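Undergrad: sequence and predicted structure, then a few things I'm wondering about:
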Amino acid sequence: MSRLNRRLEKKFLKEAVIFLLLSAGFIVIFFVIILPLLINFSLFINNFKPSPEIKKKTALLQPPRLRSLYDATNSANIKLSGTAAEGQTITLWQNEEEKEKKQTLKDGVFDFEVVLKEGENSFYAKAKEGDLESLLSDTVKISYIKNGPKIEISEPQDNVEVKGKGKQTITIKGKAENTNLLTINGRVIVLNQDNSFEITYELRDGDNLLKAEATDIAGNKTTLERTVKFSPN
């Protein structure tokens with residue numbers, strides 16, 4: 001065997017050993033690291049897929065529809081109605097707390113007698129029929145406002161007397177809070193950004209009754225009166 005052949009044989013054996021070592025290393029890495037990662041990733045993806053049982057429970061029932069006649073009220077006790085399919089059981093939640101269950105009537109109508117908490121109340125419902133149940137309904141929000149709006153009249157003072165023809169026009173100043181409508185003797189008043197107001201008013205001879213009335217979104221009303229006596233002499 002020539003020297004060249006021996007060198008080629010040694011080179012081939014060296015490359016073969018390196019290839020075998022690399023192959024063995026890759027096999028070890030695949031089974032120890034890569035394969036477990038692939039398995040865990042597959043399990044992670046499957047966790048986000050709803051099971052056939054869940055799909056079966058929710059796919060066939062439509063969520064109930066809640067109806068409200070108002071967004072705000074000054075009464076703590078109200079009736080909350082809605083519609084769903086006939087014969088379904090409706091579960092109602094108030095402020096994320098399960099409150100009551102009722103069966104729908106023949107026409108699919110249901111209603112709940114609820115007691116509102118002061119401030120904003122949120123409601124949603126779910127329908128159930130046998131082993132099937134719906135997704136949650138849209139949320140209905142109703143505010144219970146117990147106290148009426150506030151009115152202040154800083155000018156004029158009550159029972160003040162104004163004399164002189166040149167003083168027949170007066171300025172009415174004040175402030176109103178928690179109101180969406182303010183009137184003075186039937187005239188609609190536009191509030192400033194700080195809830196203040198300022199208007200002019202033409203007095204008649206004798207006693208003039210200034211009646212300010214504020215109404216909020218729940219229907220609460222607050223009234224404040226001032227009497228101004230005017231004499232041209």
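TA: Received the coordinates, thanks.
Undergrad: so how far is residue 150 from the closest residue to residue 215 other than its chain neighbours?
TA: Take residue 215 and drop its neighbours on the chain: the residue closest to it by Cβ to Cβ, 6 or more residues apart in numbering is residue 181, 4.5 Å away. Just so you know, the C-beta spots here come from the backbone N, C-alpha and C atoms, and that holds for glycine as well. According to Cβ to Cβ, to the nearest Å, residue 181 and residue 150 sit 14 Å apart.
Undergrad: do residue 115 as well
TA: Computed as Cβ to Cβ, the residue 115 to residue 150 distance reads 26 Å.
Undergrad: and for residue 122?
TA: In terms of Cβ to Cβ, residue 122 sits 27 Å off from residue 150.
Undergrad: overlap in contacts, residue 181 and residue 150.
TA: Shared contacts of residue 181 and residue 150 (Cβ atoms under 8 Å, 6 or more residues apart in numbering): residue 214.
Undergrad: before we move on, the earlier item: residue 115 and residue 150: who's more crowded?
TA: Shown here are residue 115 and residue 150; by other Cβ atoms under 10 Å, residue 150 has more neighbours (14 against 11).
Undergrad: bridging residues for the more buried one?
TA: Judged by DSSP bridges, the bridge partners of residue 150 are residue 177.
Undergrad: check residue 81 too.
TA: Applying DSSP bridges, one finds that residue 81 bridges with residue 67, residue 111.
Undergrad: dump the residue contacts of it.
TA: 66-67, 109-112.
Undergrad: ok, now residue 138?
TA: Shown in contact with residue 138 (Cβ under 8 Å, 6+ apart): 63, 65-66, 124.
Undergrad: with residue 231 instead?
TA: So, once contact is read as Cβ under 8 Å, 6+ apart, residue 231 ends up touching 161-163, 205.
Undergrad: now the residue positioned nearest the centre of the chain: closest residue in space, sequence neighbours ignored.
TA: By Cα atoms, centre = their mean, the chain has its centre lying nearest to residue 141, at 6.7 Å. Ranked by Cβ to Cβ, 6+ apart and with sequence neighbours excluded, the top spatial neighbour of residue 141 is residue 122, at 5.2 Å.
Undergrad: residue 133: which of the contacts of residue 231 is nearest?
TA: Residue 133 has its nearest neighbour among those in residue 162, at 71.4 Å by Cβ to Cβ.
Undergrad: for that closest one, give the beta-bridge partners.
TA: Beta-bridge partners, per DSSP bridges, of residue 162: residue 230.
Undergrad: what's the nearest residue to residue 74 if we skip its chain neighbours?
TA: Take residue 74 and drop its neighbours on the chain: the residue closest to it by Cβ to Cβ, 6+ apart is residue 218, 4.3 Å away.
Undergrad: if you could redo that for residue 191, that was the one I meant.
TA: Nearest-residue entry for residue 191: residue 197, 5.4 Å, with adjacent residues in sequence omitted and distances by Cβ to Cβ, 6+ apart.
Undergrad: so what secondary structure elements neighbour the strand or helix carrying that neighbour?
TA: In the assignment (DSSP states H and E), residue 197 maps to strand 196-202. Counting contacts by 3 or more Cβ pairs under 8 Å, 6 or more residues apart in numbering; DSSP states H and E, strand 196-202 is packed against strand 169-177, strand 181-184.
Undergrad: in the sheet, which strands lie alongside the last one, parallel or antiparallel?
TA: Strand pairing for strand 181-184, using DSSP bridges, gives strand 187-188 (antiparallel), strand 206-215 (antiparallel).
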